[in-house]
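K.L.:
have a look; sequence and predicted model below, questions after that.
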Amino acid sequence: MPQEITTLLTFFGGTGDLAKRKLYPSVYNLYKKGFLKDHFAIVGTSRADLTDAEFDDLVRESINHVVEDEDDAKRFISHFSYLKLDVGDKAGYQDMLKLNDELDAKYELKGNRIFYMSVAPRFFGTIAGYLKSEGLVTKNGEFNRLMIEKPFGVSYETAKELNTQLTEVFDEDQIFRIDHYLGKEMVQNIAAIRFGNPLFDAAWNKDYIENIQVTLSEVLGVEERAGYYDDAGALRDMIQNHTMQIVAWLAMEKPASFSDKDIRAAKNVAFNSLHIYNEKEVEKNFVRGQYGENIDGSQVKYLDEDGVPADSQNDTFVAGRLQFRSARWDGVPFYIRTGKRLKSKQTRVDVVFKKGLSIFGDDIELENPVLSILIDPKGGIEFRINAKDTTSEFKTRTDIMKWDVSFLDIEKTPAPYERMIQDAMNGDGSNFADWNGVAISWKFVDAIQRAWDKKHAEFPNYVSGTMGPKASDELLSEDGNYWIYR
Ligand code: NAD
């Protein structure tokens, strides 16, 4: 039996794209599964002028694809209220307080509150401040929690400032920083594969692993997001958050238990040992790229995209080598890369194990065993091993043991947003970014950005539809390695 959760959930940005596409369908799924039943209320708030009926229609429309029973959907929507509030308008929070108290009494919510900030990041601090000063954080509740969208700052300094604003109101264990990659099934599977199999657990270190590769490649170009993307670049848009959070699952120590506290502590051992580069080291360890046209010229180069300045130095591709200065990882490079307009959409991890000395004779060379964890677009696990070639002589070849996520698995798997909302309701921070990790990721990324800002790059430097600039391959070949996914 699902454990019913008692809470009031307030969505700031309640008429926004994210609320409609992801948040309301996720909450409805939790209702259908019985995690939300009688003792819950949802408040949508934004500065849009909407009547309750108009808001109900908006919610009904947004859950259309997951509704199976009309009466059930009606009962669900009856728990929703709309409040028009400009987040900068202090007085409006008194209306919210009144509404919250009414809902608390009506649904017996025990003063439990979750505030979800799905608004532009510049509002995050303002909202947190008013939640406190206007008394919206309850004193009698079992919990008050904050869920916060990305981006969490645009540099270490801005992230720190935001964090200070938030921690004046909420403790670290009440703050749920969303990184939706952490809600993905196959990202969560990393822990199961790694810690669930003594074979991998015991070999997850410098004695057995040659290098680890994390790829987040996209086929699309900048599309309509030039305004945002030309400031952020691949480094801040994809590396600081998603890539570093995946790396943390791979580089972490073995947690003492599978609780959020122990998981964070184990990840922070890794974060704290990450070597932050100086300018010279950035040049040696990081490669930036910007896409040119594709081979037949049917796709424009980044500099010709709408809204991109003609002299933009923005990175649409990043590849780099991370180094952890720890007993576990000393000398093991973690290669990461991400970019737009690459050959295919792939999110994957390739763990390259060391190859053994061949006892089969001088003419037989073994390959590196590789464990690949496929995250997107299709989940799966592949294990490349050395095995016997099927010839009469004794020769070896590599074979791949393979498991694909099935359609049944996909149907059973909650979407990342559903999982994250449920986790936050349960107070489980395992799959959210904690401050220490976010801070170190920013320091790491800031150092790279600073070095790049000082030096002019010759762009474009890769052809759309390829896997990025040549320098990305050279980064690995310098170490005698190569990208497993090519
Ligand atoms: P959106 O522009 O579609 O919606 C913004 C919402 O904020 C609207 O409800 C709007 O009415 C409200 N709003 C704007 N100004 C306001 C004000 N002064 N007072 C009160 N409400 C105000 O944005 P979105 O796409 O829903 O994104 C919301 C947040 O989620 C952003 O932080 C974004 O970075 C993040 N995010 C979005 C996506 C996505 O897929 N859309 C993905 C990841 C992160």
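P.N.:
Arrived safely, thanks for sending.
K.L.:
make it CA atoms for all contacts and neighbour counts henceforth
P.N.:
Noted.
K.L.:
quick one: low-confidence parts of the stretch 1-150 of the chain?
P.N.:
For the stretch 1-150 of the chain, no stretch has pLDDT under 70.
K.L.:
contact residues of it facing the ligand?
P.N.:
Counting by C-alpha under 6 Å from any ligand atom, the positions of the stretch 1-150 of the chain adjacent to the ligand are 13-19, 46-48, 85-87, 118-121, 149-150.
K.L.:
so how far is residue 462 from residue 299?
P.N.:
Note on residue 299: its distance to residue 462, by C-alpha to C-alpha, to the nearest Å, is 13 Å.
K.L.:
leaving out the residues flanking it, which one is nearest to the residue nearest the centre of the chain?
P.N.:
Centroid-nearest residue in the chain, with C-alpha atoms, centre = their mean: residue 181, separated by 2.9 Å. Once flanking residues are discounted, residue 181 sits nearest to residue 242: 5.9 Å by C-alpha to C-alpha, 6 or more residues apart in numbering.
K.L.:
assign that neighbour to helix, strand or coil.
P.N.:
helix (DSSP: H, G, I helix; E, B strand; the rest coil).
K.L.:
distance of it relative to residue 159?
P.N.:
16 Å.
K.L.:
can you check residue 97 too?
P.N.:
From residue 97 to residue 159 the distance is 28 Å (C-alpha to C-alpha).
K.L.:
over to residue 269?
P.N.:
For residue 269, the distance to residue 159 - C-alpha to C-alpha - is 21 Å.
K.L.:
what's the answer for residue 433, then?
P.N.:
13 Å.
K.L.:
more neighbours: these two, which one.
P.N.:
residue 433 (23 against 18; other C-alpha atoms under 10 Å).
K.L.:
for that one, which non-adjacent residue is spatially closest?
P.N.:
residue 177 (5.4 Å).
K.L.:
quick one on the thing from earlier: residue 299 and residue 462: which has the busier surroundings?
P.N.:
residue 462 (23 against 17).
K.L.:
list the contacts for the closest residue to that one other than its chain neighbours?
P.N.:
Leaving aside its chain neighbours, residue 462 sits nearest to residue 469 (4.7 Å; criterion: C-alpha to C-alpha, 6+ apart). Applying C-alpha atoms under 8 Å, 6 or more residues apart in numbering to residue 469 gives the contacts 289, 461, 462, 463.
K.L.:
and those residues as a markdown table, adding secondary structure?
P.N.:
Shown next, in a markdown table, are these (three-state DSSP):
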| residue | secondary structure |
| --- | --- |
| 289 | strand |
| 461 | coil |
| 462 | strand |
| 463 | strand |
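K.L.:
if you rank those residues by neighbours, which is first?
P.N.:
Neighbour max across these (other C-alpha under 10 Å) = residue 289, 27 neighbours.
K.L.:
do I have it right that it meets residue 463?
P.N.:
No - taking contacts as C-alpha atoms under 8 Å, residue 289 lies outside contact range of residue 463: 10.0 Å.
K.L.:
to what extent is residue 247 buried, counted in neighbours?
P.N.:
By other C-alpha under 10 Å, neighbour count at residue 247 equals 22.
K.L.:
just the one 4 residues further on next, same as before
P.N.:
Burial measure for residue 251: 25 neighbouring residues, criterion other C-alpha under 10 Å.
K.L.:
grab the nearest non-local neighbour of it.
P.N.:
Nearest residue to residue 251 in three dimensions, chain neighbours excluded: residue 270, at 5.8 Å (C-alpha to C-alpha, 6+ apart).
K.L.:
residue contacts, that neighbour?
P.N.:
Residue 270 touches 248, 251, 252, 253, 324, 326, counting by C-alpha under 8 Å, 6+ apart.
K.L.:
farthest pair within those?
P.N.:
248 and 326 (13.6 Å; C-alpha to C-alpha).
K.L.:
give me the more crowded residue out of the two.
P.N.:
Remark: of residue 248 and residue 326, residue 248 carries more neighbours, 20 against 16, as counted by other C-alpha under 10 Å.
K.L.:
that one in helix, strand or coil?
P.N.:
helix.
K.L.:
so the closest residue in space to it that isn't next to it in sequence versus the ligand, what's the distance?
P.N.:
Distances taken as C-alpha to C-alpha, 6+ apart put residue 267 closest to residue 248, at 5.6 Å, once the chain neighbours are dropped. Residue 267 is 23 Å from the ligand, where distance means C-alpha to the nearest ligand atom, to the nearest Å.
K.L.:
cool, and residue 206?
P.N.:
Here residue 206 is placed at a distance of 35 Å from the ligand (C-alpha to the nearest ligand atom).
K.L.:
just checking, that residue touches residue 329?
P.N.:
Yes - here residue 206 reaches residue 329: they are 5.2 Å apart, a contact under C-alpha under 8 Å.
K.L.:
those two: who's more crowded?
P.N.:
Applying other C-alpha under 10 Å to residue 206 and residue 329 shows that residue 329 carries more neighbours, namely 21 against 18.
K.L.:
go ahead and confirm the more buried one touches residue 203.
P.N.:
No - taking contacts as C-alpha under 8 Å, residue 329 lies outside contact range of residue 203: 11.6 Å.
K.L.:
show the buried residues in the residues of the stretch 1-150 of the chain next to the ligand.
P.N.:
Buried members of those, scored by 16 or more other C-alpha atoms under 10 Å, are 13-16, 19, 46, 85-87, 118-119, 121, 149-150.
K.L.:
which non-adjacent residue is nearest residue 465?
P.N.:
Going by C-alpha to C-alpha, 6+ apart, residue 465 has residue 343 as its nearest residue, at 4.2 Å.
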